[in-house]
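[1] I would like the atomic coordinates for the input below:
(one chain, ligands or ions: 1)
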Amino acid sequence: MEIREIIKQRRTIRRFKQDPIPEEVLRDLVDCARLAPSASNMQPLEYVVVTEKEVCEKVFENLSWAGYIAPKGTPKEGEKPTAYIVILVNKSRATRWIGHDIGAAFENILLAAWGLGIGSCVIASVKRENIRELLNVPEEYDIDSVIALGYKAHESFVEDNDETVKYYVDEEGNYHVPKRPLEKIIHFNSF
Ligand SMILES: Cc1cc2nc3c(=O)[nH]c(=O)nc-3n(C[C@H](O)[C@H](O)[C@H](O)COP(=O)(O)O)c2cc1C
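    Numbers count the residues shown, from 1 in each chain. The predicted structure is shown next:
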């Protein structure tokens, strides 16, 4: 798939097939994050990849899903993520542009994953202290977010809509995500 197509088709996925993602694929996703732009090239981000079933289960218990439709958007047994990439910030390397570094890195992961049929959900609503203890994350690192991953088990459709920001799920379990229309956000030459 062409990169432009991947960018436009990628949507957040919250239900997953249970086939494991091969370790070399997960390594490659982190490699894609590693190569993202970084302010002053400080490269403050590191990653914990979680694949073991029992650890995945414990990570899952510390995440909140789909706030607008909770608890409907929380994956049920048999549709939970099969892997996670936890994004860590090495505080001694972080700059004031850390948010940009993180966004660039996780978008690389999401897009590379989508190109392989792997769905993802960025989760910022995380019980960080529990995750720190579970994964032995040193105090010198902030836990930014968790990327939930797995082969996608539903569809998600964009709807041009400036009236609401709230996504919803239809009877088939597919998501519909409002996005502000292009003409509402683009300004040529002058605002
Ligand atoms: C920084 C960030 C934090 C997010 N945190 C959560 C979260 O805690 N739980 C969740 O279910 N989705 C979370 N999401 C996913 C958003 O809800 C999703 O990106 C948004 O609804 C738009 O859908 P789309 O990704 O399909 O375009 C997060 C996304 C971003 C970028």
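
[2] quick one: mean pLDDT for the longest strand along the chain?
    With residue count as the measure and DSSP state E as the assignment, the chain has strand 141-151 as its longest strand. In this model, strand 141-151 carries a mean pLDDT of 98.

[3] tell me which helix or strand comes right after it.
    Towards the C-terminus, the helix or strand next in line after strand 141-151, according to DSSP states H and E, is strand 156-160.

[4] what angle sits between the helix of greatest length in the chain and strand 141-151?
    For the chain, the helix with the greatest residue count under DSSP state H is helix 98-115. Interaxial angle of helix 98-115 relative to strand 141-151 (axes from the mean of the first three to the mean of the last three Cα atoms, to 10 degrees): 20 degrees.

[5] what is the neighbour count of the nearest residue to K127 once chain neighbours are set aside?
    Nearest-residue entry for K127: N62, 4.0 Å, with adjacent residues in sequence omitted and distances by Cβ to Cβ, 6 or more residues apart in numbering. (Glycine included, C-beta is placed from N, CA and C.) The number of residues packed around N62, counting by other Cβ atoms under 10 Å, is 17.

[6] list the contacts for L26?
    V49, T51, A83, I85, L149 (Cβ atoms under 8 Å, 6 or more residues apart in numbering).
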